[in-house]
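A.B. asks: Quick one: sequence and predicted model below, then my questions.
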Amino acid sequence: MKTVFKRRWYLFIPLIILAFVAFGFFTMYLWNWLMPVVFHLPELTFWQTIGLMVLSRLILGGFGGHHKHARRSHRYMQKKWETMTPEEREQFRDHMHSCHPAWAKRWCKDDREKEV
């Protein structure tokens, strides 16, 4: 199966383009249906919608590629956590709680009390 895909990967390009265009029209339809009525915003053209989708993706999430690093980091921290002594774990928790902003400390303390 993998060898067939490797030889014919170019056949999927039209499907990817079609999905992108369909998603663009779907987003444009939803925007033009909701936003002008609810927030009194202007209606968008297809190309404005595509530009808005690309801009929001750049600002909010990038274009991927960071998920492998996140998994590697999670495995590293999990291994490190398993090798820690209970005292080291408590020190680590205290350090992480001291790094949180003031509004988050309240929620973290509640979580720690539930663990005990």
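C.D. replies: Cool, got the structure. Numbering: from 1, shown residues only.
A.B. asks: Ser73 - how many residues pack around it?
C.D. replies: For Ser73, the number of neighbouring residues by other C-beta atoms under 10 Å comes to 11. C-betas here are computed from N, CA, C, even on glycine.
A.B. asks: my bad, Phe39
C.D. replies: With other C-beta under 10 Å as criterion, Phe39 counts 7.
A.B. asks: In terms of pLDDT, where does it sit?
C.D. replies: pLDDT for Phe39: 94.
A.B. asks: likewise Glu115?
C.D. replies: Looking at Glu115, its pLDDT reads 52.
A.B. asks: now swap in Trp81 and tell me
C.D. replies: 85.
A.B. asks: List the buried residues in the helix or strand Leu34 falls within.
C.D. replies: Using DSSP states H and E, Leu34 sits in helix 13-39. Neighbour counts over helix 13-39 (16 or more other C-beta atoms under 10 Å) mark 24, 27-28, 31-32 as buried.
A.B. asks: Leu30: what's it in contact with?
C.D. replies: Under the criterion of C-beta atoms under 8 Å, 6 or more residues apart in numbering, Leu30 has no contact partners.
A.B. asks: can I see the domain layout of this structure?
C.D. replies: Domain ranges of the chain: 2-60, 67-115, per automatic domain parsing.
A.B. asks: Return the member of these having the minimum mean pLDDT.
C.D. replies: Among the domains of the chain, domain 67-115 carries the lowest mean pLDDT (a mean of 72).
A.B. asks: just to revisit the earlier point, and the next helix or strand after the helix holding Leu34, what does it pack against?
C.D. replies: Using DSSP H and E, the helix or strand that follows helix 13-39 in sequence is helix 46-60. Judged by 3 or more C-beta pairs under 8 Å, 6 or more residues apart in numbering; DSSP states H and E, the packing partners of helix 46-60 are helix 13-39.
A.B. asks: The helix it packs on to helix 46-60, inter-axis angle?
C.D. replies: Calculated by axes from the mean of the first three to the mean of the last three C-alpha atoms, to 10 degrees, helix 13-39 forms an angle of 90 degrees with helix 46-60.
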